[in-house]
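A.B. asks: coords below, sequence missing:
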């Protein structure tokens, strides 16, 4: 008999970035890079599990904004253009490196990799949401949702209709994508505060993930720590993050991805080679960007980098997978000896770590899951929903307010760099509720304007913008996005309340910000 359970949860999310008004747009590459380096490799990996008849269990968040982009025809077309460019560039690299014994095999590897990724993309009809749905329908994957636009939910508790709209809009969109209701939710940034679970319960969501201290500081004290879920007073299960398994992967100094054998993320031919040679795959003419073709290993902290050895890197990934397996076995055996129920180790990670930031991450995950299925009997891979099905009786606790961000609360998303956002959001949130209460039976045109107002508010609430403002990676873009969505909301509110709806302008805005086509504006109503 198994002595315990392990649940690996990958959180896949990107902010909604779609700019039909431009032929190419730099930030759309966030999506294209994630598809090439993370999402398609994960699909290929799970295809292999199905092919080999493996009884696997994996949990994956697909955020509503990510799903909206993955199924958008415009972005699908642009991704094909991006991928075709990589195939063409990699073919040129084969010719350029023909006489270079160190680089030539890597150029061939990239050409083959991009070509097979393209085959996989078209095999699934360019619909990656449908590809992931296949694995869920086969019982091998549990897909969970997230807040509609990844808003930091504790900052919405002072306006319950906005909290409700973020969660209910996500649930509705999940239904349209996967033909069922979500059982679990990834709280954006694992951020939790009182009253969030009440809305989750009303939406029919059974469980969520919380950071370690959210469970350890619960009242009363959680008897089993993070190694068994707790039920909130509102009856929703909270699963705590295991720190030990997180450290092995996430730690800057001790984590696997920093090994010197792995591929270096920053050294890329998009910056190393002549601009005229790589400009065909650049998202913006005149600027440089990553191509994904990288020939060097991490090597060490210095500037000098060794040539990437793919065989050595995969061998190291297999060794790390074995190490991760052995440490999980020891951990679960120890916990099983001191607990009166099978322990659960829950290990959540950003999905983009596997492939995008850590190039060998998908292979590591593949090796580990195969070893867990075939080479041990100490623990069983599971999902939180399956664990609750087998262990339905749990302690009732009140989790502590928390997040997995810096210092464990909301400092990253509410500080001197981004505090200006929230007074404007508060006004817009209150006005959206006024609109929802005012329009009981709107005309067709009014309904379009109300739905668009809701979209603009949701997009302005995304936690990605204050995060970017804090980190300083693309602050100008983040600031513009917040202002654009708020200004469009203000214009829509004014047209609905004091002037008249400009249908031509509304159609233009609908063409720009088009997620959640079936958004229900009544989610913001106080009558709910």
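C.D. replies: On my side now, so go ahead. Just so we're clear, the structure is a prediction, and the values are computed from it rather than from any experiment.
A.B. asks: Now do the strands for the chain: every range, in order, please.
C.D. replies: Using DSSP state E, the strands of the chain run over 4-12, 58-62, 141-146, 184-186, 207-210, 230-231, 237-240, 344-350, 379-381.
A.B. asks: I'd like those strands as CSV, with distance to residue 108, mean pLDDT and mean neighbour count appended.
C.D. replies: C-beta: built from backbone N, CA, C; applies to glycine. Below are the strands of the chain laid out as CSV (distance: least, Cβ to Cβ, whole Å; pLDDT from 0 to 100; neighbours: other Cβ atoms under 10 Å):
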stretch, distance to residue 108, mean pLDDT, mean neighbour count
strand 4-12, 30, 98, 23
strand 58-62, 31, 98, 25
strand 141-146, 32, 98, 24
strand 184-186, 38, 98, 25
strand 207-210, 41, 98, 26
strand 230-231, 52, 98, 22
strand 237-240, 44, 98, 26
strand 344-350, 30, 97, 22
strand 379-381, 35, 98, 23
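A.B. asks: okay, these in JSON lines with distance to residue 43 next?
C.D. replies: Listed next are the strands of the chain as JSON lines, based on distance: least, Cβ to Cβ, whole Å:
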{"stretch": "strand 4-12", "distance to residue 43": "11"}
{"stretch": "strand 58-62", "distance to residue 43": "11"}
{"stretch": "strand 141-146", "distance to residue 43": "10"}
{"stretch": "strand 184-186", "distance to residue 43": "19"}
{"stretch": "strand 207-210", "distance to residue 43": "23"}
{"stretch": "strand 230-231", "distance to residue 43": "34"}
{"stretch": "strand 237-240", "distance to residue 43": "25"}
{"stretch": "strand 344-350", "distance to residue 43": "17"}
{"stretch": "strand 379-381", "distance to residue 43": "18"}
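A.B. asks: roughly how far apart are residue 385 and residue 350?
C.D. replies: Distance of residue 385 to residue 350, given as Cβ to Cβ, to the nearest Å: 21 Å.
A.B. asks: re earlier: I'd like to know which of the strands of the chain lies nearest to residue 398.
C.D. replies: strand 230-231 (8.9 Å; Cβ to Cβ).
A.B. asks: by contact count, what packs against that closest one?
C.D. replies: With contacts taken as 3 or more Cβ pairs under 8 Å, 6 or more residues apart in numbering; DSSP states H and E, strand 230-231 sits against strand 237-240.
A.B. asks: mind listing what the strand it packs on pairs with, with the direction of each?
C.D. replies: If you go by DSSP bridges, strand 237-240 pairs up with strand 207-210 (parallel), strand 230-231 (antiparallel).
A.B. asks: I'd like the ones you listed laid out as JSON lines, including distance to residue 422.
C.D. replies: Shown next, in JSON lines, are those (distance: least, Cβ to Cβ, whole Å):
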{"stretch": "strand 207-210", "distance to residue 422": "23"}
{"stretch": "strand 230-231", "distance to residue 422": "30"}
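A.B. asks: so which of those gets nearest residue 53?
C.D. replies: With Cβ to Cβ as the criterion, residue 53 lies closest to strand 207-210 of those, at 28.7 Å.
A.B. asks: packing partners for the lengthiest helix in the chain?
C.D. replies: Counting by DSSP state H, the longest helix found in the chain is helix 310-338. If you count contacts as 3+ Cβ pairs under 8 Å, 6+ apart, helix 310-338 packs onto strand 4-12, helix 104-123, helix 243-250, strand 344-350, helix 361-374, strand 379-381.
A.B. asks: The fourth one to helix 361-374, inter-axis angle?
C.D. replies: Read it as strand 344-350. 160 degrees (axes from the mean of the first three to the mean of the last three Cα atoms, to 10 degrees).
A.B. asks: how far does strand 344-350 sit from the chain's center?
C.D. replies: Counting by Cα atoms, centre = their mean, to the nearest Å, strand 344-350 is centred 14 Å from the centre of its parent chain.
A.B. asks: Quickly run through the sheet partners of it, with directions.
C.D. replies: Strand 344-350 has the following sheet partners, assigned by DSSP bridges: strand 4-12 (parallel).
A.B. asks: Tell me which residues of the longest helix of the chain come out buried.
C.D. replies: Within helix 310-338, the residues scored as buried using 16 or more other Cβ atoms under 10 Å are 313-314, 316-318, 320-321, 324-325, 328-329, 331-332, 335-336.
A.B. asks: tell me which of the residues you listed is nearest to residue 244?
C.D. replies: Set against residue 244, the nearest of the buried residues of helix 310-338 by Cβ to Cβ is residue 331 (6.3 Å).
A.B. asks: Now do the same contact list for the closest one.
C.D. replies: The contact partners of residue 331, by Cβ atoms under 8 Å, 6 or more residues apart in numbering, come to 244, 245, 345.
A.B. asks: repeat that with 7 Å
C.D. replies: Taking Cβ atoms under 7 Å, 6 or more residues apart in numbering, we find residue 331 in contact with 244, 345.
A.B. asks: distance of it from residue 237?
C.D. replies: 21 Å.
A.B. asks: And residue 457, by the same measure?
C.D. replies: To residue 237, residue 457 is 30 Å away according to Cβ to Cβ.
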